[in-house]
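Chemist: Need a 3D model of the sequence below.
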Amino acid sequence: QLRFVESGGGLVQPGGSLRLSCAASEWTSDFYAIGWFRQAPGKEREGVSCISPSDGSTWYADSVKARFTISRANAGDTVYLQMNSLKPEDTAVYYCIRAGCPEGMTASLFDSTVWGQGTQVTVSS
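Modeler: Numbering: from 1, shown residues only. You can find the predicted model right below:
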């Protein structure tokens, strides 16, 4: 099972920016849709954004529209999530997995084994 490794999280002040990266655990020639999810303390995991492989179409949750941008490296093996104008409510562990875009952007569709370690994003002054 292809897995993904998230990185780029950290502590940032409100209004700041971070760029998260999602890389496949092993090389693959396949292009696939990738979804970013997040889970805040005491809350359910939720879909944040995704990008499809065919036409590069994207989807964003309403809570992050106009602030977050998802993109894929030219080689296709890394997906980025640029997060601007961060708010304290963006604090969460962020995960990336293969997910239909946007039809697969519901965390409950996935078995618990698909989730990696994630990367912690903390927005605080």
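
Chemist: Low-confidence regions, this structure specifically.
Modeler: Applying pLDDT under 70 to the predicted model, the residue ranges of the chain that meet it are 27-30, 76.

Chemist: change it to 90
Modeler: In the prediction, the chain carries residues with pLDDT under 90 at positions 1-3, 24-33, 53-56, 72-78, 111-113.

Chemist: Bridged to the spatially most central residue of it, which residues?
Modeler: In the chain, the C-alpha nearest the mean C-alpha coordinate belongs to W36, at 2.3 Å (C-alpha atoms, centre = their mean). On the basis of DSSP bridges, W36 takes part in beta bridges with S49, C96.

Chemist: how close does it get to S125?
Modeler: Between W36 and S125 the distance is 24 Å, computed by C-beta to C-beta, to the nearest Å. All C-beta spots, glycine's among them, are computed from the backbone N, C-alpha and C.

Chemist: which parts of the helix or strand Y80 falls within are buried?
Modeler: Taking DSSP states H and E as the criterion, the element that holds Y80 is strand 78-83. By neighbour count, with 16 or more other C-beta atoms under 10 Å as the criterion, the buried positions of strand 78-83 are T78, V79, Y80, L81, M83.
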